[in-house]
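# return atomic coordinates for the entry below.
(2 chains)
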Amino acid sequence: MQEQKYFEAKGLHKYFPGVHALNDVSIAADKGEVLGVIGINGAGKSTFMNALAGEICIDAGEYYINGVKAEIRNQKDSEKNKIALIHQEAVVFKDITVAENIFIYNMQKYEKAGCLQYKKMFKDAAKYLEMIGADVNPKELVKNITVGQKQMIEIARALARNAEIVLFDEPTSSLSIEEKENLFRIIGQLKEQKKIVMYITHFLDEIIRVCDRATVMRDGKVVGDFRMSEVSTRDLITGIAGREVETIINRTEESNREDVLKVENLSCYPMVKNVNFTAKKGEILGLWGLLGSGRTEIIRSILGLDKADGGNVYRRHPNGDMVKISGHRLLEECAYVTEDRHHDGLFMPMPIWKNITMANLRKFSNIQMNEKKEHIYAKEMIREMEIKTPDENVSVGTLSGGNQQKVVMARCIGKNPDIFFIDEPTRGVDVNAKSFIHKKILELAQRGCTVVMVSSEIEENLNLCDRVLIVRNGEITAEVKKKDINKQNLMDLCLGIEKEGGK
Amino acid sequence: MSIRQYCVDKKNTFINRKDKKFVFISLLVVIAFLLIILFTRPNFFNARNISSILIQCSAVAIMAAGQIYVMVSGGIDLSIPSVMMLSGCIGALVMKNTGSIALGICCIFAVAITAGLFNGVSVAKLKINAFVATMITMLIANGLSLKVTNSSSIPIPQQFTKLFGSYYGPFHANIVAMIICLIILQFLLTKTGFGRCIYAIGTNEKSAESCGIPTSRVKIQVYLISGILSGIAAIALTARLSSSSLSLASDSTSLDVIAAAIIGGASIKGGVGTALGAFVGAFTINGLSNLLVLYGIDYYTIQIIKGFVFIFITYFDTIRSKARREI
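Numbers count the residues shown, from 1 in each chain, chains lettered A, B, ... in the order given. Sure thing, here's the model as predicted:
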């Protein structure tokens, strides 16, 4: 008989249409342990977390908490068993105060004769916020605080509900570097308080940093369990992917190339201030900066999605001249991969084939749409992009994150433009899909396309970019050449620490 | 049945069991009603009655098709019947005073197109909520109609009635107009790139924008189409009634048009629906009214009953969109 752990899940099964999302998953964790759950998209990590949080109901399997069998069928059960999920995007209500957000689940506790006792609520909120060392004013309205602080609210909320098991679902994906550090510190505190922390992420360095143990999932199964003290990054990657992944990609040295795109004095209140740059043929140009530094806004205003207040964009005409072009024309002629595929990238309820041809409808229509041609084309792209799906009629919403991202890429590549704007090429994407997308981006550059890329991942900038522009407060503050691109340099520049190596 | 099969089956329908039961029971109720009707009022099913329902429903179907266009794009157009009434009244006045049918028709379309553009620009360029924007248009159109007609009925020239309100062979002109409109609209919506853009905007406007679809332009076009269809409905209706008056659009017509669109498969949340659905919806609603009249129920009671039936039907829309979301 094994030793008794505080939390045990045994033989969990969950089926989704066409997918066995959890296949005999058994995971156990003890108090004061930080357990990482890693795996590629669609491996079943999120399904597992959602099952624990009561957001979905498993089809078979058992949970034991403190040795007692527990039923988790809905959020109420989950709460009763002291499980709390910290969502990827914090679930908060913008127009009420921080304190109200923390106690939103048990407001009645503060009700007296039908009125809320705000004083007491603020005091309690401050107590919980202090417990995690979060510097947030409980009286502040949530719309005025940062993403990281919103996450603090969720953590405080979990504490207020007495949670023993705290689940983190990719918590760092939209945090700044300082906020990340703060989060890791809080996780350390939770550990000291003898809570169980389960942590999902794609970032291996984070796993190595915060976790004691990591459970690796693949295709809905648990395929490995590593103690962090005795494992290398390489082992983890191999475990996740189920095969060796080549992570470092070499680029040929830049040569003298002609300009293809030129942005002049572009400004768009309030996030884009007087931006100037040129992009060359066959070049991957990175825009690097902190979250909220205006990277996305620069691209949006170049493409006319946000109306620019001033400035011009020029694009190379086939005859060699640089011709002024309007945002809308440019958007029609180039490809744009948005930051958030859910929000403004894909059409989730629509089938894959419609999603793939959507940016390029003219190619398939005379008077009427040639659906047959669209289907054939979509099949081709699915094969080329290695999108895992039974066929092209599946709605995109059912695909895993990595495959969804590949659909977005397929749509853009299929348009066959010579300029690509790619915002966060691999956010929320697994290792396999990531290296595939990287390969594709490099292929594009090799073919002579210009790629303007925004990425929060420093590795991506290191591995892919030929040149990196540093964005700070909506301005381009420096330019880093290929030979100077390194981690330290990029970090220093985006934080505003001036050193040699900048422009 | 294994767990796996069970779950997959359960999931594949995308409708949960409670809702499924509801759909099933309501289907049984509808069939039961049809049987009761068959035995108590067999007249309902005879060719003349059906043909009269078809004639009556054609104007509603044409308007509902416009509504479906707007709804597929994720908006709503409350002003359709009012615009129809206004253009009908102005057209009738022009025809009465100038005697020129052509000029009257031009005026009808001019009014309808203006209203459509007004809606489109308010929604797409000024970013006013579709509900509010079209409600304003509705109020303006109602007020204007009242003003130009002085609440009196305006007769229509005989020629006009003959042209657009009489039988061609076995078919009434209204039915012909409906069929032609719906076929063209169906083609435009489901087969062309323009139609695909409308669906895209209704499904996720932000994504559509990032794909390079000119969302404002398409939205203006959609409201424009809805306006033009109001004009066509005005011609059909005034010709059939051989006069134009405020009674062209009764209080419930606006609701009729929206209900017809929803029964026909459009969703308030956008992204779904086909133009042919407008016929299904309009026919159902007019069939219901016709039936209630056959049973000797008075106009006001019919309104009440219709109201309850609409609640029932809108609930179906909720179930449908829930099923889509779960995908």
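# going by C-alpha atoms from here, please, whenever you check contacts or count neighbours.
Will do.
# for chain B, what's the nearest residue on chain A?
A:Asp344 (3.9 Å; C-alpha to the nearest C-alpha).
# what residues does chain A have near chain B?
Residues of chain A lying near chain B by C-alpha under 8 Å from any C-alpha of the partner chain: A:15-18, A:59, A:305, A:328, A:331-332, A:335-336, A:338, A:343-349, A:358-359, A:361-362, A:365, A:367-369, A:395, A:397-398.
# among those residues, name the ones in helices.
A:328, A:331-332, A:343-344 (DSSP state H).
# in chain A, what secondary structure element scores lowest on mean pLDDT?
helix A:233-241 (a mean of 73; mean pLDDT, DSSP states H and E).
# I'd like the next helix or strand past that one.
Sequence order places strand A:259-268 as the next helix or strand after helix A:233-241, per DSSP states H and E.
# which other helices and strands contact that following strand?
strand A:272-280, helix A:295-302, strand A:310-316 (3 or more C-alpha pairs under 8 Å, 6 or more residues apart in numbering or on different chains; DSSP states H and E).
# from those, which stretch is densest packed?
Per residue and on average, the most neighbours among these fall to helix A:295-302, with a mean of 24 (mean count of other C-alpha atoms under 10 Å in any protein chain shown).
# CA-only coordinates of it, as PDB, when you get a sec.
The C-alpha coordinates for helix A:295-302 follow below in PDB (Å, rounded to 0.1, in the frame of the first residue of the first chain):
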ATOM      1  CA  ARG A 295       3.600  46.600 -29.600                       C
ATOM      2  CA  THR A 296       0.200  45.400 -30.700                       C
ATOM      3  CA  GLU A 297      -1.100  48.900 -31.100                       C
ATOM      4  CA  ILE A 298       1.700  49.800 -33.500                       C
ATOM      5  CA  ILE A 299       0.700  46.900 -35.800                       C
ATOM      6  CA  ARG A 300      -3.000  47.700 -35.500                       C
ATOM      7  CA  SER A 301      -2.400  51.300 -36.500                       C
ATOM      8  CA  ILE A 302      -0.100  50.400 -39.400                       C
END
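# and the residue in the stretch 151-300 of chain B that chain A sits nearest to, what's its pLDDT?
In the stretch 151-300 of chain B, the residue that lies nearest chain A is B:Ser207 (3.9 Å; C-alpha to the nearest C-alpha). Note on B:Ser207: pLDDT of 93.
# again with A:Val98
For A:Val98, pLDDT reads 90.
# how about the contacts made by it?
A:125, A:137-142, A:153 (C-alpha atoms under 8 Å, 6 or more residues apart in numbering or on different chains).
# how much space separates it from A:Ile186?
18 Å (C-alpha to C-alpha, to the nearest Å).
# could you do A:Ala125 as well?
16 Å.
# before we move on, back to that, including distance to A:Glu475, could the helices and strands packed on strand A:259-268 go into CSV?
Formatted as CSV, the helices and strands packed on strand A:259-268 follow (distance: least, C-alpha to C-alpha, whole Å):
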stretch, distance to A:Glu475
strand A:272-280, 5
helix A:295-302, 9
strand A:310-316, 14
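# nearest to A:Ile237, out of the ones you listed?
Nearest to A:Ile237 among the helices and strands packed on strand A:259-268 is helix A:295-302 (29.7 Å), distances taken as C-alpha to C-alpha.
# next one: that closest one to chain centre, how far?
19 Å (C-alpha atoms, centre = their mean, to the nearest Å).
# what helices and strands are in contact with that helix?
Using 3+ C-alpha pairs under 8 Å, 6+ apart: helix A:295-302 touches strand A:259-268, strand A:272-280.
# can you list the ones you listed in JSON lines and add distance to A:Glu71 and mean pLDDT?
Compiled in JSON lines, those are given as follows (distance: least, C-alpha to C-alpha, whole Å; pLDDT from 0 to 100):
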{"stretch": "strand A:259-268", "distance to A:Glu71": "53", "mean pLDDT": "90"}
{"stretch": "strand A:272-280", "distance to A:Glu71": "52", "mean pLDDT": "89"}
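# now stretch A:169-180: mean pLDDT?
Stretch A:169-180 comes out at a mean pLDDT of 79.
# oops, could you answer that again for stretch B:39-57 instead?
pLDDT averaged over stretch B:39-57 gives 88.
# quickly run through the sheet partners of the strand or helix carrying A:Leu287, with directions.
Secondary structure assignment for A:Leu287, by DSSP H and E: strand A:284-288. Here strand A:284-288 has these sheet partners by DSSP bridges: strand A:450-454 (parallel), strand A:467-472 (parallel).
# render the CA-only coordinates of the first one in PDB, please.
So the one you mean is strand A:450-454. Extracted in PDB, the C-alpha atoms of strand A:450-454 (Å, rounded to 0.1, in the frame of the first residue of the first chain):
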ATOM      1  CA  THR A 450       9.000  40.100 -44.700                       C
ATOM      2  CA  VAL A 451       7.800  39.200 -41.300                       C
ATOM      3  CA  VAL A 452       7.100  41.800 -38.600                       C
ATOM      4  CA  MET A 453       6.700  39.800 -35.400                       C
ATOM      5  CA  VAL A 454       5.700  40.600 -31.900                       C
END
